[in-house]
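Visitor: no sequence on this one, just coordinates:
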């Protein structure tokens, strides 16, 4: 599996903080190498994701991307695969087996309104159900299937806290 | 697979509208029979999910639940399986194969703070990664794996609009 980047379009500070933070957390749990926030440069969102990394580990990079179309153009020109999640796209169950496993992938997650250029720039327009959906849930469903599950605990190194699975309570420990 | 109910705890009107709506949309896409909103009785959320059903079809019922613990107690007493999603729980990859396939399941999704009674009442406390996570993404990842994907278009009957999958644009049609 190539490295995965998640690109969140059209973030609106004040309106979308929780959705964008949740997209970042989802990207992290599923092992994305990079989370890019386009739209408003909202340092509070970026910082909250960096804080999670400092506390719970992992290596996902988090940046603002001021030119998402330019980023995508270069990404595709360099041989990467751009997948745009949209309720109008092709079924993810059919697309995922076709994705090359040795190339970097960027998963583009829309905001309020996604312009036609994104539909044309991305090699794949993909739906997680052709139904009204949550973009957070669509990202999770797509990555769940793409990766066959969340990344294992060993991936999340270098933090200060570690959660040990528990059937009944809460077992969070300080890292040695 | 038995019927699935999604129970969202501790909804706060004014603070959680998008998260709770997205949980409802996720439940619907993955074929839940019922979405129950506990916490504030927020008719705008319930109505927005009913509107989606009227436009795009399906049969998910949507209600406010004023006594979530009472609901769970009866559900379990009647032979149902209660699964509480929490970052502290057991790995979902291990739990899902153990769930009985012939019994109704309620998936409990926490709000701000989940009291100990829920951890004790539910037969399974389950984590979609023992990491800070989005509750929307956790629900999606869990249901993606439980159901092996979203429900097919045939499940969403009776609406006014239908989206036809498209590789490049948007193809939404009025139902005949």
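Guide: Structure received. This is a predicted model, so every value here is computed, not measured.
Visitor: which stretches of chain A have low pLDDT?
Guide: Counting by pLDDT under 70, chain A contains low-confidence ranges at A:176.
Visitor: remind me, longest strand of it?
Guide: For chain A, the strand with the greatest residue count under DSSP state E is strand A:81-91.
Visitor: In terms of secondary structure, what does it contact?
Guide: Other helices and strands packing on strand A:81-91, by 3 or more Cβ pairs under 8 Å, 6 or more residues apart in numbering or on different chains; DSSP states H and E, are helix A:68-77, strand A:105-109, helix A:116-121, strand A:124-127, helix A:135-147. Where C-beta positions appear, they are placed from N, C-alpha and C, glycine not excepted.
Visitor: Switch these over to TSV; also include distance to chain B and mean neighbour count.
Guide: As requested, those are arranged in TSV below (distance: least, Cβ to the nearest Cβ, whole Å; neighbours: other Cβ atoms under 10 Å in any protein chain shown):
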stretch	distance to chain B	mean neighbour count
helix A:68-77	15	15
strand A:105-109	12	25
helix A:116-121	6	15
strand A:124-127	6	24
helix A:135-147	4	26
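Visitor: Neighbouring strands - and their directions - for the longest strand of chain A?
Guide: Partners of strand A:81-91 in the sheet, by DSSP bridges, are strand A:105-109 (parallel), strand A:124-127 (parallel).
Visitor: hmm, who's touching the first one?
Guide: By Cβ atoms under 8 Å, 6 or more residues apart in numbering or on different chains, the surrounding residues in contact with strand A:105-109 are A:2-9, A:23, A:32, A:68, A:72, A:75, A:80-85, A:99, A:118, A:122, A:135, A:138-139, A:142-143, A:146.
Visitor: in what helix or strand does the residue nearest to residue A:68 when sequence neighbours are not counted lie?
Guide: Nearest in space to residue A:68, with sequence neighbours left out and distances taken as Cβ to Cβ, 6 or more residues apart in numbering or on different chains, is residue A:38 at 3.9 Å. In this structure, residue A:38 sits in strand A:34-39 according to DSSP states H and E.
Visitor: Using neighbour counts, pick out the buried residues of that strand.
Guide: Across strand A:34-39, burial judged by 16 or more other Cβ atoms under 10 Å in any protein chain shown covers A:34, A:35, A:36, A:37, A:38, A:39.
Visitor: by contact count, what packs against it?
Guide: Contacts defined by 3+ Cβ pairs under 8 Å, 6+ apart place strand A:34-39 against strand A:4-11, helix A:17-29, helix A:43-56, strand A:61-64, helix A:68-77.
Visitor: Quick one, which of these gets closest to residue B:48.
Guide: Closest approach to residue B:48 among those (Cβ to Cβ): helix A:17-29, 15.5 Å.
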